[in-house]
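> turn this into a structure:
(chains A and B)
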Amino acid sequence: DAGVIQSPRHEVTEMGQEVTLRCKPISGHNSLFWYRQTMMRGLELLIYFNNNVPIDDSGMPEDRFSAKMPNASFSTLKIQPSEPRDSAVYFCASSRRALTYNEQFFGPGTRLTVL
Amino acid sequence: GESVGLHLPTLSVQEGDNSIINCAYSNSASDYFIWYKQESGKGPQFIIDIRSNMDKRQGQRVTVLLNKTVKHLSLQIAATQPGDSAVYFCAENTDYGQNFVFGPGTRLSVLP
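Residues are numbered from 1 along each chain as shown, chains lettered A, B, ... in the order given. Got it, this is the predicted structure:
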C-alpha cells in the first residue's frame, strides 16, 4: 500500500493567491482528516470527513479555508486568499472508521509558505 | 526537516538507556490514547495505543502506561536507539477514534 499521498510536497506562493492542497487516502479507509502543524500551535485538526461527508469543521480557522471530498479517494483543502500566517505544514490522515477505536495514518505533509 | 515546536520539552538519553516520555492529558472523559512518533520532514507515525479500560500495554520495545486518576500517560522505550530520535506526541479522544487532540510533543534526542 502506498499510504496516504499528498501533493504538492512544497508550495510557495504570494499573499492573496489561491492555494489548493490535495490528498489521496489509503484505499478502503472511510475517514479523512486535515491537520495543520505550526511551531507555535503544534498539530491542530482542521476538519474531518466520514464517508465523504464533513463531520466537524470547527477547526477551520476562517472562511478563507474550505475542504471538499468529492469521492472516497480524493480530498482538497483550499485557501483563498492565502495570507502569510497560513504558512505551516498541512497533513492529511485517513482511518478505517468502525465502532471501535482506530488509528489514523498520516501523509508526508505539504509545507506551505505564503510570502 | 520540520521543526514542530520552538519550546518543545527535550529529553536527551544515552544510546542503550531506557527513555520515559510523559504526557498530561486534559479531558477526563477521554477513553482512547495514541502515541505518535514524528521524524524530521515526515508525518506522525503510530507507535502504540491504549484504551481507558487498561493501565498498561506493551509493544516491541515500547510500553504505554495510563494513570486515569491523575490524567497521565507515559511512553517507555527500552534500549533507546539513534533511530528513536524524533518528536513524540500523545493524542486523546472520546469519540471512537475520530477527533483526536494532540499534545505539544516531546523531542527525544539519543546521544551516541
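> dump the residue contacts of A:Asn52.
Counting by C-beta atoms under 8 Å, 6 or more residues apart in numbering or on different chains, A:Asn52 touches A:69-72. Using the backbone N, CA and C atoms, a C-beta is placed for each residue, glycine as well.
> close to chain B: what parts of chain A are there?
With C-beta under 8 Å from any C-beta of the partner chain as the criterion, chain A comes near chain B at residues A:4, A:31, A:37, A:39-40, A:42-45, A:48, A:50, A:55-56, A:89, A:91, A:93, A:95, A:97-109, A:111.
> how about a cut-off of 7 Å?
Contacts of chain A with chain B, taken as C-beta under 7 Å from any C-beta of the partner chain, map to A:31, A:37, A:39, A:42-43, A:45, A:48, A:56, A:89, A:91, A:95, A:99-104, A:106-109.
> same list (the contacts of A:Asn52) but as CSV, adding pLDDT and neighbour count.
Shown next, in CSV, are these (pLDDT from 0 to 100; neighbours: other C-beta atoms under 10 Å in any protein chain shown):
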residue, pLDDT, neighbour count
A:Met69, 97, 21
A:Pro70, 97, 9
A:Asn71, 95, 8
A:Ala72, 95, 17
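> mind putting those in a markdown table, secondary structure included?
Shown next, in a markdown table, are the contacts of A:Asn52 (DSSP: H, G, I helix; E, B strand; the rest coil):
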| residue | secondary structure |
| --- | --- |
| A:Met69 | strand |
| A:Pro70 | strand |
| A:Asn71 | strand |
| A:Ala72 | coil |
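> and for B:Asn22, the neighbour number?
15 (other C-beta atoms under 10 Å in any protein chain shown).
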